[in-house]
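Asker: A structural model of the following input is requested.
(one chain, ligands or ions: 2)
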Amino acid sequence: MGNQMQEKASKAKAASVLLANVSTEAKDKALEAMALALEKNKTFIFEANQKDLDAAKAMIEKSEMSTALYDRLKLSDAKFKDMVSGIRDVAKLEDPVGKTLSTLVLDDGLTLYQISCPIGVIGVIFEARPDVVPQVMSLCLKSGNATIFKGGSEAKNSNRALFDVLVEAMATVDGIPADAFQLAESREDVAEMLKLDQYIDLLIPRGSNDFVKYIQNNTRISVLGHTSGICHAYVAESADLETTYAVCLDSKIQYPAACNAIETLLVNEKIAEKFLPKMSEIYQKNGVELRFDDASYKIAEKAGFTDLKKATDKDWDTEYNDLILSVKIVKSVDEAIVHINKHGSHHTDVILSTDQKEIDKFTGLVDSSSVMINASSRFADGFRYGKGAEVGISTNKIHSRGPVGMEGLMIYKYILSGSGHLVKDYVGDSAKPYKHEKTQEKYCRLQ
Ligand SMILES: NC(=O)C1=CN([C@@H]2O[C@H](COP(=O)(O)OP(=O)(O)OC[C@H]3O[C@@H](n4cnc5c(N)ncnc54)[C@H](OP(=O)(O)O)[C@@H]3O)[C@@H](O)[C@H]2O)C=CC1
Ligand SMILES: N[C@@H](CCC(=O)OP(=O)(O)O)C(=O)O
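Answerer: Residues are numbered from 1 along each chain as shown. Ligands and ions are numbered 1, 2, ... in the order given. Alright, predicted model coming up:
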């Protein structure tokens, strides 16, 4: 088993060098072939997904799986359409490889170019969410990165079907080294991957905090962690209420299993009596269980709500991934910011306000990768941020933060072009001076 993983990683490494030099035209052609192959194999992919769903249903009946996991696992027509259009969107994006980032003339005929290039081989270990496969594969292909995929075991059949269909499709295009994409399928494979620092340049784990910590603590490979979203909405005294009801509802119920759904609603005490009863009614009508702190509990009770639940301290640090929301009254925007920075996961937080000074304070002091002003937390997404698709939502700060697109998969190299220039001519008493002149000149190579 171990050697098998090493062989796959070594193949990916060898292919990564070739993939880094594939033309834009071939990559875009391969992406279109992948989109067509998905459309053609829809029934096959849905059958594979159904196998996973049947197994998942049995686990749910035994209370061994959450409904959030089931929601992520299930491919719907809408998700399928997004997978296909996502691949085509990536094809439309500019090729990020080979861009001249800077040019410096060191001396006559001696020019230093800084050129964008792929990172190399990336290991993506993700949750049981099959739509991740085409998203990550299209971004990695276009950015020239070889990739090893390991998805959640509950999605094994769906992942394998998607992976096989997509890789087979790209292999029909001349010049695409399909070995660049490899599939890992077990925790043993993951344990092996952690040791393969000679082949793998970056690991991207997407999952629970414990899992991401496990990866970080057990490898020498660089890690870009993508973990839980404890996201908040803060409702200020100046909030426009109609906007606020709609944004707070969407942020919770549009896809409660996603990491960018809100888990806690913070309400300014000056607007709470006016705002909370109607908001609670809206949430309850939409099946959301509310857990109130003492102050909000009193308001809800006074408004005639019955069977109320109280929040405990644990709720402020909980990602429900479900139709549950904790509610807390705060005295000011400052208290909201302190709460968010202490209990949040620096992922996505929202302010509902019409007061620009307060908005500026919130956006400046909330230490999260996305801060939304009068807009749903669910916008935190690579596709919606115009990146075609997303690798995930990074909760690390380095080297990429928030929804990660191709920019998070790029690095650069230096190319120095001379004609026999020697360092010895630039040192000592009779040293030639450097020009160090910046220019707009682009590095150009024969394709
Ligand atoms: N910020 C972001 O972009 C994302 C955040 N998340 C967060 O992830 C969580 C939900 O995902 P969940 O399904 O619970 O994630 P898990 O952490 O359970 O699983 C994620 C992946 O990690 C693997 N894994 C877990 N533990 C180990 C281990 N000890 N050794 C090897 N592999 C392991 C799983 O494999 P196996 O199935 O084989 O156990 C799976 O492939 C939520 O908190 C969600 O917010 C998820 C995705 C994206
Ligand atoms: N950007 C994605 C959510 C990110 C993600 O994959 O998270 P998760 O649902 O926790 O697996 C979306 O908006 O649906």
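Asker: Enumerate the residues of the stretch 251-400 of the chain near ligand 1.
Answerer: 259, 319, 321, 392, 393, 395 (C-beta under 6 Å from any ligand atom). (Each C-beta comes from the backbone N, C-alpha and C, glycine too.)
Asker: Only the buried subset of these, as a PyMOL command please.
Answerer: Burial among those is assessed by 16 or more other C-beta atoms under 10 Å; the matching PyMOL selection reads:
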select buried, resi 259+319+321+392+393+395
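Asker: Out of the residues of the stretch 251-400 of the chain next to ligand 1, which comes closest to residue 331?
Answerer: Checking these against residue 331 by C-beta to C-beta gives residue 319 as the nearest, at 25.4 Å.
Asker: restrict the residues of the stretch 251-400 of the chain next to ligand 1 to those near ligand 2?
Answerer: Near ligand 2, by the rule C-beta under 6 Å from any ligand atom, you find 259, 392, 393 out of these.
Asker: Break the chain into its domains for me.
Answerer: 2-226+391-409, 231-379 (automatic domain parsing).
Asker: With mean pLDDT added, can I get these in a markdown table?
Answerer: Output for the domains of the chain, formatted as a markdown table (pLDDT from 0 to 100):
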| stretch | mean pLDDT |
| --- | --- |
| domain 2-226+391-409 | 97 |
| domain 231-379 | 98 |
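Asker: Could you export those to a markdown table, including columns for distance to residue 427?
Answerer: What follows is the domains of the chain, written out as a markdown table (distance: least, C-beta to C-beta, whole Å):
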| stretch | distance to residue 427 |
| --- | --- |
| domain 2-226+391-409 | 13 |
| domain 231-379 | 46 |
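Asker: Ok, which of the ones you listed comes nearest residue 419?
Answerer: domain 2-226+391-409 (5.0 Å).
Asker: residues from the stretch 201-350 of the chain in reach of ligand 2?
Answerer: 255, 257, 258, 259, 260.
Asker: let's go with 8 Å and repeat that
Answerer: Contacts of the stretch 201-350 of the chain with ligand 2, taken as C-beta under 8 Å from any ligand atom, map to 206, 226, 228, 229, 255, 257, 258, 259, 260, 321.
Asker: Need the max-distance pair from those.
Answerer: 226 and 255 (16.5 Å).
Asker: So which of the two has more stuff around it?
Answerer: Legend: neighbour count by other C-beta atoms under 10 Å for residue 226 and residue 255, higher for residue 226 (26 against 16).
Asker: List the buried residues of stretch 226-242.
Answerer: 226-239.
Asker: Phi and psi next, for residue 316.
Answerer: phi -70, psi -20 (degrees, to the nearest 10).
Asker: quick one: contacts for it?
Answerer: 264, 326, 328, 339, 343 (C-beta atoms under 8 Å, 6 or more residues apart in numbering).
Asker: from those, which two are the most distant?
Answerer: Within these, 326 and 339 form the most distant pair, 10.9 Å apart (C-beta to C-beta).
Asker: Now do the buried residues in stretch 267-285.
Answerer: 267, 268, 271, 272, 275, 276, 277, 279, 280, 282, 283.
Asker: Between these, which sits nearest residue 433?
Answerer: Minimum distance to residue 433 across the buried residues of stretch 267-285 is 62.4 Å, recorded for residue 268 (C-beta to C-beta).
Asker: where along the stretch 301-447 of the chain do the strands fall?
Answerer: Per DSSP state E, counting those that start in this stretch, the stretch 301-447 of the chain carries strands over the ranges 309-310, 324-330, 348-352, 370-373, 392-394, 402-404, 410-417, 437-439.
Asker: which one of these is the most hemmed in?
Answerer: The highest mean neighbour count among the strands of the stretch 301-447 of the chain, using mean count of other C-beta atoms under 10 Å, belongs to strand 348-352: a mean of 30.
Asker: who touches it?
Answerer: By C-beta under 8 Å, 6+ apart, strand 348-352 touches 229, 231-236, 239-240, 243-244, 247-248, 251, 260, 262, 333, 340, 358-359, 362-363, 366, 368-377, 380, 393, 402.
Asker: Stretch 440-447 now?
Answerer: For stretch 440-447, contacts defined as C-beta under 8 Å, 6+ apart pick out 23, 98, 100, 103, 111, 113, 115, 415, 417.
Asker: switch the cut-off to 7 Å
Answerer: The contact list for stretch 440-447, computed with C-beta atoms under 7 Å, 6 or more residues apart in numbering, reads 23, 100, 103, 113, 115, 415.
Asker: counting contacts, what elements does the longest helix anywhere in the chain pack onto?
Answerer: Counting by DSSP state H, the longest helix found in the chain is helix 42-61. Judged by 3 or more C-beta pairs under 7 Å, 6 or more residues apart in numbering; DSSP states H and E, the packing partners of helix 42-61 are helix 67-73, helix 156-170.
Asker: ok, the longest one near ligand 2 or not?
Answerer: It refers to helix 156-170. No - on the criterion C-beta under 8 Å from any ligand atom, helix 156-170 is out of touch with ligand 2, staying 13.7 Å away.
Asker: got the contact list for the nearest residue to residue 162 once chain neighbours are set aside?
Answerer: Leaving aside its sequence neighbours, residue 162 sits nearest to residue 133 (C-beta to C-beta, 6 or more residues apart in numbering; 4.3 Å). Counting by C-beta under 7 Å, 6+ apart, residue 133 touches 149, 151, 159, 162, 163, 166.
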